[in-house]
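1. Turn this into a structure:
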Amino acid sequence: MQVFLSQLMLGLVNGSFYAMLSLGLAVIFGLLGIVNFAHGALYMLGAYAAYIGLERFGINYWVALVVAPIVIGALGVVIERLFLRHLYKIDPIYGLLLTFGLALIAEGVLRYSFGVSGQTYEKPELLSGATDLGFMVLPDYRAWVVVASLVVCLGTWFLIERTRLGATLRAGTENPALVQAFGINVPLMVTLTYAGGAGLAALAGVLAAPVIQVTPLMGSSLIIIVFAVVVIGGMGSILGSIITGLALGLVEGLTKVFYPEASSIVVFVIMAIVLMVRPAGLFGKEA
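-> Numbering: from 1, shown residues only. Model (predicted):
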């Protein structure tokens, strides 16, 4: 039972990262129709922004939580303005190929600059302790990751689905000509939407930096699982991405208890089953 509960808790931590990353993917695809394969690279760049900020500029963890998403969000503005804005009216496969190429470029640049060995990013002193739950000793930082991820995910869902700003964003992507007739700058909204998705990925990278080593490969090793999460939840479904990300993290943790050999493929097995039964995903809308 102790092993069971311990893996359940660790699965919840992993699920928090899955939820945050799949949330950013769902926002970008749901509102812009872009399959953003660069999302893993933006996650990795967020972690490196925190690491470089600490090593070279003395920026601590708490400041990095704000600065890194802003910096990577600004990079997202450049990507959207220079490249993606020319691809909105053509087949989505071109957006996937472009963002995949950008991810390879970012990974290559950082491999050249830092090598493939991981860099250690120390957790903040405030969260360096641990709490004895009886069945396991839970590091305070991992508990913080779960809480912070839930707050960010639910806050983003509320902003897009339950506020006037979110309604304007959704209307601007579905009928831009009509929304522009009301004097709203739709191209600027689209740019800021992509920047927001990039910022979410960077925030997840900062949260992950003290848990895993910061390495140029950290994004590419995670993005395939995150895409599977988005497909299972339903492409473009924000709430579906959050729920599915957390649930699959728990399933992955439980699989490590009962059948460890399958823990690395269980997400893809579930994806295959879901696609056969409901191609639009659990929370997606049928075409």
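2. Can you show me the helices along the stretch 101-250 of the chain?
-> 140-162, 164-174, 176-181, 186-208, 220-233, 238-258 (DSSP state H, counting those that start in this stretch).
3. wait, what's in contact with residue 225?
-> Residue 225 makes contact with 18, 267, according to CB atoms under 8 Å, 6 or more residues apart in numbering. (Each C-beta comes from the backbone N, C-alpha and C, glycine too.)
4. any idea how far it lies from residue 99?
-> 17 Å (CB to CB, to the nearest Å).
5. pretty sure residue 141 is touching residue 126, no?
-> No. Using CB atoms under 8 Å, residue 141 is not in contact with residue 126, being 9.3 Å away.
6. which of the two has more neighbours?
-> Legend: neighbour count by other CB atoms under 10 Å for residue 141 and residue 126, higher for residue 141 (19 against 11).
7. Can you pull out the low-pLDDT segments for this structure?
-> 1, 286-287 (pLDDT under 70).
8. for the chain, longest helix please?
-> Criterion DSSP state H: the longest helix present in the chain is helix 2-32.
9. JSON lines for the helices of the stretch 101-250 of the chain, including distance to residue 87?
-> JSON lines is the format used below for the helices of the stretch 101-250 of the chain (distance: least, CB to CB, whole Å):
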{"stretch": "helix 140-162", "distance to residue 87": "22"}
{"stretch": "helix 164-174", "distance to residue 87": "14"}
{"stretch": "helix 176-181", "distance to residue 87": "15"}
{"stretch": "helix 186-208", "distance to residue 87": "12"}
{"stretch": "helix 220-233", "distance to residue 87": "19"}
{"stretch": "helix 238-258", "distance to residue 87": "22"}
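10. Which of those helices sits closest to residue 276?
-> helix 220-233 (12.0 Å; CB to CB).
11. quick check: angle from the closest one to helix 2-32?
-> Calculated by axes from the mean of the first three to the mean of the last three CA atoms, to 10 degrees, helix 220-233 forms an angle of 80 degrees with helix 2-32.
12. How far off centre is helix 220-233?
-> How far helix 220-233 lies from its chain's middle: 9 Å, per CA atoms, centre = their mean, to the nearest Å.
13. residues touching residue 256, list them.
-> Contacts of residue 256 by CB under 8 Å, 6+ apart are 7, 11, 263.
14. repeat that with 10 Å
-> 3, 6, 7, 10, 11, 262, 263, 264, 266 (CB atoms under 10 Å, 6 or more residues apart in numbering).
15. quick one: which of the residues you listed is most hemmed in?
-> Counting by other CB under 10 Å, top hit in these: residue 11 with 24 neighbours.
16. residues touching the closest residue to that one other than its chain neighbours, list them.
-> Nearest residue to residue 11 in three dimensions, chain neighbours excluded: residue 253, at 2.1 Å (CB to CB, 6 or more residues apart in numbering). Shown in contact with residue 253 (CB under 10 Å, 6+ apart): 4-15, 263.
17. Make TSV out of those and add distance to residue 35.
-> Formatted as TSV, the contacts of residue 253 follow (distance: CB to CB, whole Å):
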residue	distance to residue 35
4	37
5	37
6	36
7	32
8	32
9	33
10	30
11	27
12	28
13	27
14	23
15	22
263	27
